[in-house]
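> got a predicted model here, sequence first, then my questions.
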Amino acid sequence: MKTAQKQFDPTNDIHITTLFLDRDEEGNFLDVDSQLYHSDEHGFYLARTIIQVWQGRTWETAANDEAESALREHRRSLKVFRLLLPAEVIRLIVEHTVPEEEGARALAIAALDNAGIL
C-alpha cells in the first residue's frame, strides 16, 4: 500500500529562524540543526538535520565535537520534517528564545497556558 508523503522544499520556502533545541544530559548542544520554515503548501514546519555516530551497536545523536571526530563511515546524517500548528510555533519560539531573566520566560509560558495555547 502506497502512502502519500509530503514533499518539503526548504530552498523555496520562507526561512523563519534557526533553533537550538537539543542538549545532552550535561547540557552540551547535540549536532542537530533545527530550522523553522513556512510554505504556502504545507504551512509551518521544522526541518531538522540530525548527525549520528555509530556507538558499538546503535546509532546515537552526536555532540558537536563527536561528529567532527567520527570516521566518515561511522557517521550519518538524517533529515526529518515535522509539520507544526501556528500555536506550536508560538510556544516553540517562546520556550527557546524568550530570556529566563526576571522570570520573563515563565511569565510568557504561563500566559500561553492561560490562553490554552498548546
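Done, it's in.
> low-confidence ranges, the chain, go.
Residues of the chain that meet the criterion pLDDT under 70 lie in 1-6, 21, 27-29, 64-73.
> what sits against the residue most central in space within the chain?
Nearest to the mean C-alpha position of the chain, counting by CA atoms, centre = their mean, stands residue 34 at 3.7 Å. Shown in contact with residue 34 (CB atoms under 8 Å, 6 or more residues apart in numbering): 18-22, 46-48. No exception for glycine: its C-beta is placed from N, CA and C like everyone else's.
> in this protein, which strand is the longest?
The longest strand of the chain (DSSP state E) is strand 43-55.
> which residues sit against stretch 109-118?
Stretch 109-118 has contacts (CB under 8 Å, 6+ apart) with 85, 87-88, 90-91, 94-95.
> mind listing what's buried along that stretch?
residue 112 (16 or more other CB atoms under 10 Å).
> just want the phi and psi numbers for the closest residue to residue 104 other than its chain neighbours.
Nearest non-adjacent residue to residue 104, counting by CB to CB, 6 or more residues apart in numbering: residue 98, 5.5 Å away. With angles defined as degrees, to the nearest 10, residue 98 sits at phi -70, psi 130.
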